[in-house]
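> Here is my input; please provide its structure:
(2 chains)
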Protein chains: 2
Amino acid sequence: MKNKQIIFKKRPIGVPDTDTWNLEINNIPELKEGEILVEHHYISLDPAMRGWMNDSKSYIPPVAIDDVMRAGSIGKVIQNYGNKKFAIGDCITGWGGVQQFAITNGEGWYKVDEKLATMPMYIGTLGMPGMTAYFGITEVGKIKEGDIVLVSGAAGAVGSVVGQIAKIKGCTVIGIAGGKDKCEYLKNELGFDETIDYKTENIYTALKEKCPKGIDVYFDNVGGAILDAALSKLRMHARVVICGAISQYNNKSKIQGPSNYLSLLVTRSTMQGMVVMDYAKNYGEAAKQMGLWMQQGKLKSKEAIYDGIENFQETYNRLFSGDKLGKLILKVKE
Amino acid sequence: MKNKQIIFKKRPIGVPDTDTWNLEINNIPELKEGEILVEHHYISLDPAMRGWMNDSKSYIPPVAIDDVMRAGSIGKVIQNYGNKKFAIGDCITGWGGVQQFAITNGEGWYKVDEKLATMPMYIGTLGMPGMTAYFGITEVGKIKEGDIVLVSGAAGAVGSVVGQIAKIKGCTVIGIAGGKDKCEYLKNELGFDETIDYKTENIYTALKEKCPKGIDVYFDNVGGAILDAALSKLRMHARVVICGAISQYNNKSKIQGPSNYLSLLVTRSTMQGMVVMDYAKNYGEAAKQMGLWMQQGKLKSKEAIYDGIENFQETYNRLFSGDKLGKLILKVKE
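Down below sits the predicted model:
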């Protein structure tokens, strides 16, 4: 039994290229006491991965050169050398990295119930992206009934859940996404009130038309020109949630700062950054609530699953090209 | 009796020039019932005046062309036609504009006690700049004992009070100002812990040296490159108070957005805008507290007073050249 692993070889400048990672086929070391061997079924591909490759101060240390590329994952325990937390056959999720098999002492991993949701859902809507959406829009965005909520990256793993939760909570929701298919999906399948296709519409004109009263909450996944435009539409005491800036992650030069930031002063608004790990102690409660909404048909989960660890790089690129609909997932079990 | 008035004639692009205002000498109209005539002694000159000249959405409407230039002021009631709020001889402060005499029904004006403080103090540390400092650093900055507080425009009317209040509350205070004299004043007279002279020091190097542990609160009066540098030094859960952006007010092109804004995400920090008018109902309480600190010698007030309404434009320019120390005030009583 061999382990196909995506090894991080070189820090990219701009878009990762063929020098960034190597696919290696390695032997699986013997387990030490207390360890388990996890056979991965699915790997979570997320925009945050781009940030983890930079050698700069951030909320977690960068991935080290020659390490397995960091990623969330889900799979089954297939060997156990005296680990008391998990048993063979358990379906568990954690930070297993982009590889077929992971060895761990179980720290940071937790067991999920396959009867309640599928494995891809557990790394999507019920996993890190879903938790980000849940705590971001409720705790940082502080949404209340009647709020007008704008979300960018709206068809993505986080944005689609943000918008749906805001709808559940009685808000008016406008989603910004790239392409007609995504916009139709948001409006027809997920019940968004309005959408803006940033690939074909002028963002300022579209905001004027679709948010004529301005916005109370802007949930930002993209940064750049869209963040700037959103700032120009803030209502009094608005909240801007800084969750990510996918439009800027591959920049070779400086990140584009929001030149309309003085709108925060004019409208007495708040811009706040968030990292999902801070809410870890409440994940269980959030997953329970979101699971219930899913059962009730109020919260829909969509995954874009691509097959084969060999296709990691091509699949990863879809995060930034936008060429996928829903939570991007790589299936690695052969 | 004639009234010398500074009339707003043309919206400036960039720095105001000789076309922006006219000095006019006009007759004083007769009072209507309920009105008073105020003889101005001092006019408050503030960076915010630059913003009020732009024809754009802001927290108050722009000054209209051919109106008296908006400004805070203080003076004495010299005529009264049945106004019940004020009596002849009262020393009162309000939004009288840049002119020698103002007619008002008294709305938005309030009486001050000349025995407790001087007129210039009432439009400085006990006036709008002082209130901005007080509520900005306590309510928005939420300072607590032991915080490391960085303030820009530190020798200005707002910044100098921000720093002193932070010291009173048990914080470590670093002030950014332009020039050796200002920095020495902050350290030797006002008790700041450290200063950075942005005219001679590299701001990143200086921050590294003088805030080695980072900052909990950044109170921003200047925007631009200094805001960007400050963002790079945030500690976890820091608060950035957006009070102004004097470095950007005369821009002919776009305002420089803070390209380090993703530091808000990394450190889970908050950037919040403020406008002093929102705290109007608590001005009295704040003035009482600050008056007490002044009596106790804990809070010092410094005014840079220039004489003559004819010198308005030249004096106004000192706000942006930095060529003054303390609260900038124009004496207009002849």
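
> Do a quick rundown of the helices in chain A.
A:48-52, A:119-122, A:128-135, A:159-168, A:180-184, A:203-210, A:224-231, A:263-266, A:283-295, A:312-321 (DSSP state H).

> Would you mind giving those helices as JSON lines with mean neighbour count and mean pLDDT added?
Placement of C-beta: from N, CA and C, glycine included. Below are the helices of chain A laid out as JSON lines (neighbours: other C-beta atoms under 10 Å in any protein chain shown; pLDDT from 0 to 100):
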{"stretch": "helix A:48-52", "mean neighbour count": "20", "mean pLDDT": "95"}
{"stretch": "helix A:119-122", "mean neighbour count": "23", "mean pLDDT": "96"}
{"stretch": "helix A:128-135", "mean neighbour count": "26", "mean pLDDT": "97"}
{"stretch": "helix A:159-168", "mean neighbour count": "26", "mean pLDDT": "98"}
{"stretch": "helix A:180-184", "mean neighbour count": "17", "mean pLDDT": "97"}
{"stretch": "helix A:203-210", "mean neighbour count": "16", "mean pLDDT": "97"}
{"stretch": "helix A:224-231", "mean neighbour count": "22", "mean pLDDT": "97"}
{"stretch": "helix A:263-266", "mean neighbour count": "22", "mean pLDDT": "96"}
{"stretch": "helix A:283-295", "mean neighbour count": "16", "mean pLDDT": "94"}
{"stretch": "helix A:312-321", "mean neighbour count": "17", "mean pLDDT": "96"}
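
> Determine which of these approaches chain B most closely.
Closest to chain B of the helices of chain A, according to C-beta to the nearest C-beta: helix A:263-266, at 3.4 Å.

> List the contacts of the closest one.
A:231-232, A:234, A:240, A:269-271, B:57-59, B:242-244, B:271-275 (C-beta atoms under 8 Å, 6 or more residues apart in numbering or on different chains).

> give me that answer again for 7 Å
A:231-232, A:234, A:269, A:271, B:57-59, B:242, B:271-275 (C-beta atoms under 7 Å, 6 or more residues apart in numbering or on different chains).

> Adding distance to residue B:164, write the helices of chain A out as a markdown table.
Listed next are the helices of chain A as a markdown table, based on distance: least, C-beta to C-beta, whole Å:
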| stretch | distance to residue B:164 |
| --- | --- |
| helix A:48-52 | 40 |
| helix A:119-122 | 54 |
| helix A:128-135 | 38 |
| helix A:159-168 | 42 |
| helix A:180-184 | 53 |
| helix A:203-210 | 42 |
| helix A:224-231 | 32 |
| helix A:263-266 | 23 |
| helix A:283-295 | 44 |
| helix A:312-321 | 49 |
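
> Nearest approach to residue B:81 belongs to which of the ones you listed?
helix A:263-266 (37.6 Å; C-beta to C-beta).

> For chain B, see how far away residue A:102 is.
Separation of residue A:102 from chain B (C-beta to the nearest C-beta, to the nearest Å): 27 Å.

> can you give me the strands for the stretch 1-150 of chain A?
Per DSSP state E, counting those that start in this stretch, the stretch 1-150 of chain A carries strands over the ranges A:2-8, A:21-27, A:36-44, A:73-80, A:91-94, A:101-104, A:110-111, A:148-152.

> weakest of these by average pLDDT?
Looking at these, the lowest mean pLDDT belongs to strand A:110-111 (a mean of 93).

> Which neighbouring elements make contact with that strand?
Secondary-structure packing of strand A:110-111 (3 or more C-beta pairs under 7 Å, 6 or more residues apart in numbering or on different chains; DSSP states H and E): strand A:91-94.

> Which strand residues bridge the residue lying closest to residue A:83 once chain neighbours are set aside?
Once flanking residues are discounted, residue A:83 sits nearest to residue A:36: 4.8 Å by C-beta to C-beta, 6 or more residues apart in numbering or on different chains. Counting by DSSP bridges, residue A:36 is bridged to residue A:80, residue A:104.

> and residue A:36, how many neighbours?
The number of residues packed near residue A:36 is 24, by other C-beta atoms under 10 Å in any protein chain shown.

> Now for it: which residues touch it?
Neighbours of residue A:36 in contact, by C-beta under 7 Å, 6+ apart: A:77, A:79, A:80, A:83, A:86, A:104, A:106.

> biggest separation within the residues you listed, which pair?
Maximum pairwise distance in the contacts of residue A:36, criterion C-beta to C-beta, is 12.6 Å, between A:79 and A:106.

> Tell me who's in contact with residue A:227.
Counting by C-beta under 7 Å, 6+ apart, residue A:227 makes contact with A:220, A:258.

> circling back: so can I have TSV of the strands of the stretch 1-150 of chain A showing distance to residue A:159?
Listed next are those as TSV, based on distance: least, C-beta to C-beta, whole Å:
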stretch	distance to residue A:159
strand A:2-8	26
strand A:21-27	27
strand A:36-44	16
strand A:73-80	22
strand A:91-94	22
strand A:101-104	29
strand A:110-111	25
strand A:148-152	5
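
> Please identify the most buried of those.
Among these, ranked by average contacts under mean count of other C-beta atoms under 10 Å in any protein chain shown, first place goes to strand A:148-152 (a mean of 30).

> how about the CA coordinates for that strand, as CSV?
Output of strand A:148-152 as CSV, limited to C-alpha atoms (Å, rounded to 0.1, in the frame of the first residue of the first chain):
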residue,chain,number,x,y,z
ILE,A,148,-30.0,44.2,3.5
VAL,A,149,-27.1,41.8,3.1
LEU,A,150,-24.6,41.8,0.2
VAL,A,151,-22.3,38.9,-0.2
SER,A,152,-19.4,38.4,-2.8
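
> nearest spatial neighbour of the residue most central in space within chain A, skipping sequence neighbours?
Centroid-nearest residue in chain A: residue A:129, 3.8 Å away (criterion: C-alpha atoms, centre = their mean). Of all residues not flanking residue A:129 in the chain, residue A:157 sits nearest, at 3.6 Å (C-beta to C-beta, 6+ apart).

> what's the answer for residue A:323, then?
Spatial nearest neighbour of residue A:323, excluding adjacent residues (C-beta to C-beta, 6+ apart): residue A:317 at 7.9 Å.

> tell me which parts of the stretch 51-200 of chain A are close to chain B?
A:57, A:58, A:59 (C-beta under 7 Å from any C-beta of the partner chain).

> is it true that the second one touches residue A:51?
Yep, that's residue A:58 we're talking about. Yes - using C-beta atoms under 7 Å, residue A:58 makes contact with residue A:51 at a distance of 6.1 Å.

> The closest residue to residue A:237 other than its chain neighbours: neighbouring residues, count only.
Sequence neighbours aside, residue A:268 is the residue nearest to residue A:237 in space, at 5.5 Å (criterion: C-beta to C-beta, 6+ apart). Residue A:268 has 19 neighbouring residues, counting by other C-beta under 10 Å.

> And residue A:17, by the same measure?
Residue A:17: 11 neighbours (other C-beta under 10 Å).

> Over to residue A:87?
Other residues close to residue A:87 by other C-beta under 10 Å number 11.

> got the contact list for it?
Contacts of residue A:87 by C-beta under 7 Å, 6+ apart are A:77, A:80.
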